[in-house]
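Colleague: No letters, just coordinates:
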C-alpha cells in the first residue's frame, strides 16, 4: 500500500517515513505542501494520507476538505498530524471527514495503532 506523507518540514517528513518503515510501510511518497499533495493524489493511487495540519499555502484541513470533495479521492483514509490537541481542531477535522488524529510527538507504536484503526487491519 502506498502512503503519502504531507508536511512542510522535511525533517518531519523524514521522521514519519522512518516510523512507517519501522512498522512495515516501505512504499512512501512525500509532499511539502497541500497543493503538491493534491496533485500527487490525483496522479497516483494512494492507500493512506498522513498530513500535518499547519502548512502553507494549503493547510492540512484544507487538503482534507479537497480530498473529501473529490469523488475519485474521497475514500482514501486520512490521518491528521498536529502539535496542537485543541478540541476545536479535533472537531473541525472530524467534521471534514478525517479518519484519525495524531498529536506530536508520537512513536512508531502510536502510528501503527492509528493506521490499524483506520484501515481495520
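Modeller: Okay, I see it. Being a predicted model, the structure only gives us computed values, none of them experimental.
Colleague: Every contact and neighbour count from this point should use C-alpha atoms.
Modeller: Fine.
Colleague: Sketch out the low-pLDDT regions of the chain for me.
Modeller: Counting by pLDDT under 70, the chain has low-confidence residues at 121.
Colleague: tell me, what residue is most central in it?
Modeller: The structure's the chain has its C-alpha centroid closest to residue 50; by C-alpha atoms, centre = their mean the separation is 1.6 Å.
Colleague: Centre of the chain to stretch 15-30, how far?
Modeller: Relative to its chain's centre, stretch 15-30 lies at 12 Å (C-alpha atoms, centre = their mean, to the nearest Å).
Colleague: Check which residues of it are buried.
Modeller: Across stretch 15-30, burial judged by 16 or more other C-alpha atoms under 10 Å covers 16-20, 28-30.
Colleague: now the end-to-end length of it.
Modeller: 12 Å (C-alpha to C-alpha, to the nearest Å).
Colleague: same question, stretch 35-51
Modeller: Using C-alpha to C-alpha, the end-to-end distance of stretch 35-51 comes out at 12 Å.
Colleague: With stretch 30-37 instead?
Modeller: Distance between the two ends of stretch 30-37: 8 Å, counting by C-alpha to C-alpha.
Colleague: Confirm that the residue nearest to the centre of the chain lies within a helix, as I assumed.
Modeller: No: counting by DSSP: H, G, I helix; E, B strand; the rest coil, one finds residue 50 to be strand, located in no helix.
Colleague: these two touch, right, it and residue 79?
Modeller: Yes: taking C-alpha atoms under 8 Å as the contact criterion, residue 50 and residue 79 are neighbours in contact, 4.8 Å apart.
Colleague: Helices along this structure, start to end?
Modeller: 10-22, 34-43, 60-69, 87-96, 108-119 (DSSP state H).
Colleague: so how far is the first one off the chain centroid?
Modeller: Meaning helix 10-22. In terms of C-alpha atoms, centre = their mean, the gap separating the centre of helix 10-22 from the centre of its chain is 12 Å.
Colleague: and what of the second one?
Modeller: Mean C-alpha position of helix 34-43 versus that of the full chain (C-alpha atoms, centre = their mean) differs by 12 Å.
Colleague: residues contacting the residue lying closest to residue 53 once chain neighbours are set aside?
Modeller: Counting by C-alpha to C-alpha, 6 or more residues apart in numbering, residue 60 is the residue found nearest to residue 53 once chain neighbours are left out, at 4.1 Å. Neighbour list for residue 60: 34, 51-54, 80 [criterion: C-alpha atoms under 8 Å, 6 or more residues apart in numbering].
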